[in-house]
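**Q** Got a sequence here, can you model it:
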Amino acid sequence: MWYKTGQTNPHVFDTGYPHDAGQEQFLPSPKWGIEYPASQKAWRDSFQVIEENLGNGRTNVGFEFDPFYKCDKCDPTQVTCFECTPGDETTGAFSKCSKGDVGAAKTVQGDIICPEDLGPSHGMHMFNNWQSKFQTIQRFAYGNTSRQTSANHQGVNNQPVYYIEVDYNSEGIARGPGPNGGSFLQPHFDFHFYVKPWMDVRSQTCSSLNGANIWGRTCPLLNIPPIETANFLAIPFQFMPNDWKPDLGSSIPLMGMHSFDEAKLPPLIPTNGSAQEAAPSYSVDSVFTHPPQLVGTYRGQVQFVEASPVVPFVNKMVVDGRKQSKDMKYSYPFPKPVLRVPVMAAWPESFNLEYSYSTNKLKAYMQFTTFAKLPGVVAVCGDPSCDHCTNISNICLPN
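**A** Below you'll find the predicted structure:
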């Protein structure tokens, strides 16, 4: 999730967070005229936290959930349903159009495309305003891990995530890096993996200069109290991958500042002996197949790691799996930080998307690896592996 300064602030609605933060944006809500039918609530409730101990310091942490791909020709819950193809209205994708049409945008290839009406679908009807000219961000699924719920706050295999939150970003305006900008054009999901407990994150808010709480949009850093601005701008670059940069327009209440690699996307991890591809540059087509990755920070500390797959690509996995009667999987490496993050015993080695044909389930998860298994990441003072520490830089010295 990232926003460029000067663009329309997105509207943010919370549908999954614990109702103890005091916002007015919780959904469903008569205030906004939005109520969920039972089938859509069931889809949202299908999001279940997974924690899989793979051994050797590796753990998968994420969500398993039902597909939301919908086809008018058959029941969307049937794995034999694949008559519709990604790119039509069932996927929230785009088609070629005329330059003057509503929502028209130009791709790097020179094509003029427009967003197609999402239409009613399995679970996705809650996002029926995604085509708006302003962005709508709906944080709709929230799940605690064992680190949040256990008495000693110890995650499975020392995985560092307290809770996982997923939101839907409608886009509606062209944003993002790339030769011509606008590479983040299609609606997408943001999977946030928080390494701070909810009771800490819930206090990460901002207010106007007259003291009114700011909810439902990004924090305008030049128009909030200076101490709040400082909280978002205290960016711990040493605990992030090298060369990642903050997006100053993405200071989000209950999240933090977002930083990412503005030059390239993560390459697909090769399978079956295929060659390693080069990290692609930003474009609409590249973002379709390569989910951007981000790190969220606040007050000088890492808050979460994130990956943002676009909706039509996730749906394409379901379609391809059903057509070929097989499982689908895509994995992308997550770059290592410069220094070991003090609040984390492990770091994501990869972000993964899976569709299981046999269970008709989707998975989106990070595979975490303990820092001991990640060579090249420098330890900091206080780390159990650090025997000799510098007082000035707080970096561990070689024995």
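**Q** which secondary structure elements does whichever strand or helix holds residue 59 contact?
**A** Per DSSP states H and E, residue 59 falls inside strand 58-65. Using 3 or more C-beta pairs under 8 Å, 6 or more residues apart in numbering; DSSP states H and E as the contact test, the elements touching strand 58-65 are strand 48-55, strand 136-144, strand 163-169, strand 188-194, strand 346-356, strand 361-370. Yep, even glycine has a C-beta here, placed from its N, CA and C like the rest.
**Q** and the residue nearest to residue 262 when sequence neighbours are not counted, how far is that from residue 305?
**A** Nearest residue to residue 262, sequence neighbours excluded (C-beta to C-beta, 6 or more residues apart in numbering): residue 177, at 4.7 Å. Note on residue 177: its distance to residue 305, by C-beta to C-beta, to the nearest Å, is 19 Å.
**Q** Tell me which of those two has more neighbours.
**A** With neighbours defined as other C-beta atoms under 10 Å, residue 177 and residue 305 compare such that residue 305 has more, 26 against 23.
**Q** re earlier: could you give me the average pLDDT of the strand holding residue 59?
**A** Averaging pLDDT along strand 58-65 yields 96.
**Q** quick one: strands adjacent to it?
**A** strand 48-55 (antiparallel), strand 361-370 (antiparallel) (DSSP bridges).
**Q** Could you dump those strands into JSON lines with mean neighbour count, distance to residue 314 and mean pLDDT added?
**A** Shown next, in JSON lines, are the strands paired with strand 58-65 (neighbours: other C-beta atoms under 10 Å; distance: least, C-beta to C-beta, whole Å; pLDDT from 0 to 100):
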{"stretch": "strand 48-55", "mean neighbour count": "15", "distance to residue 314": "16", "mean pLDDT": "95"}
{"stretch": "strand 361-370", "mean neighbour count": "23", "distance to residue 314": "7", "mean pLDDT": "96"}
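**Q** can you redo those strands as a markdown table with distance to residue 228?
**A** A markdown table is the format used below for the strands paired with strand 58-65 (distance: least, C-beta to C-beta, whole Å):
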| stretch | distance to residue 228 |
| --- | --- |
| strand 48-55 | 31 |
| strand 361-370 | 29 |
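**Q** so which of the ones you listed gets nearest residue 353?
**A** Proximity to residue 353, assessed across the strands paired with strand 58-65 by C-beta to C-beta, is greatest for strand 361-370 (5.6 Å).
**Q** got the angle between the closest one and strand 346-356?
**A** Angular relation of strand 361-370 and strand 346-356 on a 0 to 180 degree scale: 160 degrees, by axes from the mean of the first three to the mean of the last three C-alpha atoms, to 10 degrees.
**Q** Just the C-alphas of strand 361-370, formatted as CSV.
**A** What follows is strand 361-370, C-alpha atoms only, in CSV (Å, rounded to 0.1, in the frame of the first residue of the first chain):
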residue,chain,number,x,y,z
LYS,A,361,-8.2,-23.2,-1.2
LEU,A,362,-5.9,-20.2,-1.6
LYS,A,363,-2.9,-19.5,0.6
ALA,A,364,-0.9,-16.2,0.9
TYR,A,365,2.0,-16.5,3.3
MET,A,366,5.5,-15.4,4.2
GLN,A,367,8.2,-18.0,4.8
PHE,A,368,10.3,-16.8,7.7
THR,A,369,13.8,-18.0,8.4
THR,A,370,15.7,-17.4,11.6
